[in-house]
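**Student:** Dropping the sequence and predicted coords here.
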Protein chains: 2
Amino acid sequence: MGRVPTIDNVRTAEMRLAGHAVRTPLLYSPFLSERLQARIYLKPECLQRTGSFKFRGAWNALSALDPTTRQRGVIAVSSGNHAQGVAEAARLFGVGATIVMPADAPLLKRQRTERSGARVITYDRASADRDLVVADVVAQHGGAFVHPFNDTDVIAGQGTVGLEIAADCAALGVEPNVVSVPCSGGGLAAGVALAVRETFPNAEILVAEPAGFDDYARSLAAGAPQSNERLAGSICDSLLAPAPGAIGWEINRSRLAGGVTATDAEALHAAGLCFDELRLAVEPSGAVGLAALLQGRPDITGKVAVLVLSGGNIGDATLAEAVAAYRSAEAS
Amino acid sequence: MGRVPTIDNVRTAEMRLAGHAVRTPLLYSPFLSERLQARIYLKPECLQRTGSFKFRGAWNALSALDPTTRQRGVIAVSSGNHAQGVAEAARLFGVGATIVMPADAPLLKRQRTERSGARVITYDRASADRDLVVADVVAQHGGAFVHPFNDTDVIAGQGTVGLEIAADCAALGVEPNVVSVPCSGGGLAAGVALAVRETFPNAEILVAEPAGFDDYARSLAAGAPQSNERLAGSICDSLLAPAPGAIGWEINRSRLAGGVTATDAEALHAAGLCFDELRLAVEPSGAVGLAALLQGRPDITGKVAVLVLSGGNIGDATLAEAVAAYRSAEAS
């Protein structure tokens, strides 16, 4: 297992990202504050370069490579957001990227990965062993493998989301009671938990997962990593990691307050709300924490909550489904 | 004519808006910076309460009314964004609002105005005299009339956009060379020009208008207010004021560097780019400055430019048209 990152690693990542990543705002939401009877701030990572927080970890990981290694190119496996993050970081460094994607990855995400100049190699989730595909790619093309979450530098990079939340809350004189973070392998949650709790040790960091893919919530409840039964089958295509990553788990096991889930219907409804009310394109995976909060999971009445909207790479058909779901609920 | 607002009026407005309006961010755009070979910052007022900057002026105007007057309710005439701003400010103050809207106002904008609890009265642009309709409404319902742009407090409220731009540029250590502002009656431009040039006297403030509705650009060139020939017929439904407002003109005549225009096709393309690349819902009116810049009007190569994206109330059909326009241009 790689080394568990420290807050100093996150601070180093912040310096590396300056001028390359977008310093996303902490955005007060009057609409959600009124609806949830709470004080709601959004961290809209849909406004990040490549449309998700993943660029942060990718950029930090590529920055941490020694130049000779980096020059040989990088390899990643991802259904979309990490793919785009790594591909774009590689483009900006002027090095090659090979991305292994499941054949059923969202078209938008694949197109954006290719637009950054990456070579995309697809595999069939049902029939192929992903690890063997990756091993083949490494053997054939060479390059440094950048794990989507189980990587010291990737977690430190995602942690800059938490540093920014903490700095902006401090500047506003606001103490966050709850910080809700969409969760797949736990890298973003780990980085955010590390950085936010450095400044706000009493903040409750919650992970939000798709129903049926709540390995992290179950792991926290059990005190040991648990796996998901299924590997596919949620509209939240970014949140389907099979189990907590080992490095992030070491951070999260003692720093997370628990997990919440949202169904596909709830995640779509929340993504529709983001578009109609917040004027932000947010993919269902990125809206899963909001979806849970809207259902009272947990009840945050009277509290200050920060919601990480982790990604905005939503395809047209999904957006149409999302706004239809939201509008139909509002009309009834 | 009302009094011309001062920078102190804008500072007062900022205090009034604190905790009620959204303090929108200044957002660096790597995508646009790369494409335009410049340093581009966005001021996304689509993220403002009610989806446009108009809430600022409305809130400030209602705050400035004496409570007895305000209690009798407010009246506005608007095709949509000012309507929503006034309706929502009235709702938050707990007073009634009557909004006169053209019958062909975008459905989304009318629905949102009604959702805030306002009474909406429609008129036919072609056959009815708007001023007479408004006079009738005032006589029948009573209430304080809040002009969309030719009003001291409304302009001061819109000026908070400029104060925030100036403060954020100063905090970043960045001097804006160009600030591009979508323009209808000139209230937003006047407020922004007043506030930005207080801190950055060399910043060039440009107004952006739909082609065929460039009364402000022509007024600046002629040195005296000019009118538009047409009152309708652009996809930029928020930018169709017939002529510069008198109060704003007194500020703008000496502070604006000039005007640029964009066609409907260019404005749609820019709104499509905002959605696809920036993950923001921006209406064509709000994207008209970006549309002009993308066509090299003006050339900002190597400069620091701030783009005000003034509103995000885009209907489904227009959004579909916008993304189709952008994608088709990108594919060719």
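**Tutor:** Looks like it arrived, so ask away. Numbers count the residues shown, from 1 in each chain, chains lettered A, B, ... in the order given.
**Student:** Residue A:98 in helix, strand or coil?
**Tutor:** Applying DSSP: H, G, I helix; E, B strand; the rest coil to residue A:98 yields a three-state assignment of strand.
**Student:** scratch that, residue A:75 is what I was asking about
**Tutor:** With three-state DSSP as the basis, residue A:75 sits in strand.
**Student:** Can you get me a residue count around it?
**Tutor:** 24 (other CB atoms under 10 Å in any protein chain shown). For every residue, glycine as well, the C-beta is placed using N, CA and C.
**Student:** List the contacts of residue A:212.
**Tutor:** Counting by CB atoms under 8 Å, 6 or more residues apart in numbering or on different chains, residue A:212 touches A:228-230, A:233-234, A:261.
**Student:** should've said residue A:71
**Tutor:** So residue A:71 contacts residue A:95 (CB under 8 Å, 6+ apart).
**Student:** Likewise for residue A:250?
**Tutor:** residue A:4.
**Student:** how close does it get to chain B?
**Tutor:** The gap separating residue A:250 from chain B is 33 Å, by CB to the nearest CB, to the nearest Å.
**Student:** Could you check which helix or strand contains that residue?
**Tutor:** Per DSSP states H and E: residue A:250 is located in helix A:246-255.
**Student:** after that helix comes which helix or strand?
**Tutor:** Downstream of helix A:246-255 (by DSSP H and E), the next one is strand A:256-262.
**Student:** which secondary structure elements does that next one contact?
**Tutor:** For strand A:256-262, the packing partners by 3 or more CB pairs under 8 Å, 6 or more residues apart in numbering or on different chains; DSSP states H and E come out as strand A:204-210, helix A:215-222, helix A:288-294.
**Student:** Residue A:150 against residue A:246, yeah?
**Tutor:** Yes - the pair residue A:150 / residue A:246 is scored as a contact, 6.0 Å apart, by CB atoms under 8 Å.
**Student:** that older thread, tell me the average confidence for the helix holding residue A:250?
**Tutor:** In this model, helix A:246-255 carries a mean pLDDT of 97.
**Student:** how about it: buried residues?
**Tutor:** Buried residues in helix A:246-255, counted by 16 or more other CB atoms under 10 Å in any protein chain shown: A:247-253, A:255.
**Student:** what's the closest of those to chain B?
**Tutor:** Of all these, chain B sits closest to residue A:248, with 25.9 Å by CB to the nearest CB.
**Student:** Next, the contact list for that closest one, please.
**Tutor:** Counting by CB under 8 Å, 6+ apart, residue A:248 touches A:149-150, A:155, A:185-187, A:189-190.
**Student:** Could you work out the most separated pair of the residues you listed?
**Tutor:** By the measure CB to CB, A:150 and A:189 form the most distant pair in the contacts of residue A:248, at 12.9 Å.
**Student:** These two: which is more packed in?
**Tutor:** Between residue A:150 and residue A:189, counting by other CB under 10 Å, residue A:189 is the more crowded of the two (33 against 19).
**Student:** list the contacts for that one?
**Tutor:** Here residue A:189 is in contact with A:181, A:183, A:205, A:207, A:216, A:248, A:252, A:256 (CB under 8 Å, 6+ apart).
**Student:** Please verify my assumption that residue A:97 contacts residue A:87.
**Tutor:** Yes - under the criterion of CB under 8 Å, residue A:97 makes contact with residue A:87 at 4.9 Å.
**Student:** Give me the common contacts of those two.
**Tutor:** Common neighbours of residue A:97 and residue A:87, using CB under 8 Å, 6+ apart, are A:76, A:116-118.
**Student:** Chain B: which of the residues you listed is nearest?
**Tutor:** residue A:116 (11.6 Å).
**Student:** For burial, what's the neighbour tally of that closest one?
**Tutor:** By other CB under 10 Å, neighbour count at residue A:116 equals 19.
**Student:** Tell me if I'm right that it and residue A:87 touch.
**Tutor:** Yes - with contacts counted by CB under 8 Å, residue A:116 reaches residue A:87, the gap being 3.7 Å.
**Student:** Next, show the common contact partners of the two.
**Tutor:** With CB under 8 Å, 6+ apart, residue A:116 and residue A:87 have common neighbours A:50, A:97.
**Student:** how about the residues of the stretch 51-200 of chain A near chain B?
**Tutor:** Within the stretch 51-200 of chain A, the residues that sit near chain B (CB under 8 Å from any CB of the partner chain) are residue A:51.
**Student:** ok, now which ones touch residue A:237?
**Tutor:** A:79-80, A:105-106, A:283-285.
**Student:** Let's have these in JSON lines, adding distance to residue A:46 and pLDDT.
**Tutor:** Shown next, in JSON lines, are the contacts of residue A:237 (distance: CB to CB, whole Å; pLDDT from 0 to 100):
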{"residue": "A:79", "distance to residue A:46": "17", "pLDDT": "85"}
{"residue": "A:80", "distance to residue A:46": "13", "pLDDT": "90"}
{"residue": "A:105", "distance to residue A:46": "18", "pLDDT": "91"}
{"residue": "A:106", "distance to residue A:46": "15", "pLDDT": "91"}
{"residue": "A:283", "distance to residue A:46": "8", "pLDDT": "98"}
{"residue": "A:284", "distance to residue A:46": "12", "pLDDT": "98"}
{"residue": "A:285", "distance to residue A:46": "11", "pLDDT": "98"}
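**Student:** which of those sit farthest apart?
**Tutor:** Farthest apart among the contacts of residue A:237 - using CB to CB - are A:105 and A:284, which lie 14.7 Å from each other.
**Student:** So between the two, which is more surrounded?
**Tutor:** Using other CB under 10 Å, the more surrounded residue of residue A:105 and residue A:284 is residue A:284, with 33 against 19.
**Student:** Tell me the spacing between the more buried one and residue A:318.
**Tutor:** Plainly put, residue A:284 is 7 Å away from residue A:318 if you go by CB to CB, to the nearest Å.
**Student:** Find residues that contact each of those two.
**Tutor:** With CB under 8 Å, 6+ apart as the test, residue A:284 and residue A:318 both reach A:235, A:268, A:271.
**Student:** Same list, those residues, but as TSV with neighbour count please.
**Tutor:** Compiled in TSV, the shared contacts of residue A:284 and residue A:318 are given as follows (neighbours: other CB atoms under 10 Å in any protein chain shown):
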residue	neighbour count
A:235	20
A:268	24
A:271	33
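**Student:** Same list (these) but as CSV, adding pLDDT and secondary structure.
**Tutor:** Output for these, formatted as CSV (pLDDT from 0 to 100; DSSP: H, G, I helix; E, B strand; the rest coil):
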residue, pLDDT, secondary structure
A:235, 94, coil
A:268, 98, helix
A:271, 98, helix
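**Student:** These: which ones sit near chain B?
**Tutor:** Okay, of the shared contacts of residue A:284 and residue A:318, nothing touches chain B (CB under 8 Å from any CB).
**Student:** so what's residue A:167 closest to, chain neighbours aside?
**Tutor:** Using CB to CB, 6 or more residues apart in numbering or on different chains and skipping the chain neighbours, the partner closest in space to residue A:167 is residue A:199 (7.8 Å).
**Student:** Make sure that neighbour is actually in contact with residue A:164.
**Tutor:** No - counting by CB under 8 Å, residue A:199 stays clear of residue A:164, with 11.1 Å between them.
**Student:** out of those two, which sits in the more crowded spot?
**Tutor:** residue A:164 (22 against 17).
**Student:** Give me the next element, helix or strand, following the helix or strand where the more buried one lies.
**Tutor:** Using DSSP H and E, residue A:164 sits in helix A:152-172. The element immediately downstream of helix A:152-172 (helix or strand, assigned by DSSP H and E) is strand A:178-182.
**Student:** and the angle for that following strand with helix A:152-172?
**Tutor:** Direction vectors for strand A:178-182 and helix A:152-172, defined by axes from the mean of the first three to the mean of the last three CA atoms, to 10 degrees, enclose an angle of 150 degrees.
**Student:** Contacts for strand A:178-182, please.
**Tutor:** Contacts with strand A:178-182, where a contact means CB under 8 Å, 6+ apart, come from A:162, A:165, A:188-189, A:192-193, A:196, A:203-209, A:236, A:238-239, A:257, A:260, A:285-286, A:288-290, A:292-293, A:298, A:300, A:303-308, A:310-311.
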